[in-house]
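# need coordinates for the following:
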Amino acid sequence: MGDKNHTILLLQTAKHDSTRFYQDFSTVSNALEGFLKMYETRLREMNPSVKSITYELSSLFQYIDDIRELVVLSFDDSIKGYRSYDRKWLKSKLQDLLVGSVKR
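Residues are numbered from 1 along each chain as shown. Predicted coordinates:
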């Protein structure tokens, strides 16, 4: 799967169907960055007095596990359709992204 693939995040954050939403992105990288922004926004909402948000990878992974429903769909030109990816895949991709940004 290449990075240039249109990618959709499908999420349901709580038990109620009204918490379902999706976000679409032009690339996998944009989707990963978008997911991180969503998480960081949530942290700011929970900690409004904190000036600078920092977090451990384990906290991010717990946030992912706490989302009731989460699916990533990424377009695969070889099948002319979308492939579905799960939480484990998302965690792996986010870890690669964050570890790569620390090494730079």
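# ok, residues contacting whatever helix or strand Asp65 lives in?
Assessed by DSSP states H and E, Asp65 sits inside helix 57-66. Residues outside helix 57-66 that contact it (C-beta atoms under 8 Å, 6 or more residues apart in numbering): Leu36, Tyr39, Arg42, Leu70, Arg87, Leu90, Lys91, Leu94, Gln95, Leu98. For the C-beta atoms, the positions are set from N, CA and C on the backbone; glycine is no exception.
# now whichever helix or strand comes after that helix: mean pLDDT?
Using DSSP H and E, the helix or strand that follows helix 57-66 in sequence is strand 69-76. Strand 69-76 shows a mean pLDDT of 97.
# could you identify the helix or strand that succeeds strand 69-76?
Using DSSP H and E, the first helix or strand after strand 69-76 is strand 81-85.
# other residues contacting that following strand?
Met1, Ile8, Val71, Val72, Leu73, Ser74, Phe75, Asp76.
# which pair of the contacts of helix 57-66 spans the longest distance?
Taking C-beta to C-beta, the two most distant members of the contacts of helix 57-66 are Arg42 and Gln95; they sit 18.8 Å apart.
# rewinding a little: would you turn the contacts of strand 81-85 into CSV with neighbour count and distance to Val28?
What follows is the contacts of strand 81-85, written out as CSV (neighbours: other C-beta atoms under 10 Å; distance: C-beta to C-beta, whole Å):
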residue, neighbour count, distance to Val28
Met1, 15, 7
Ile8, 15, 11
Val71, 17, 14
Val72, 22, 8
Leu73, 19, 11
Ser74, 21, 6
Phe75, 17, 10
Asp76, 13, 11
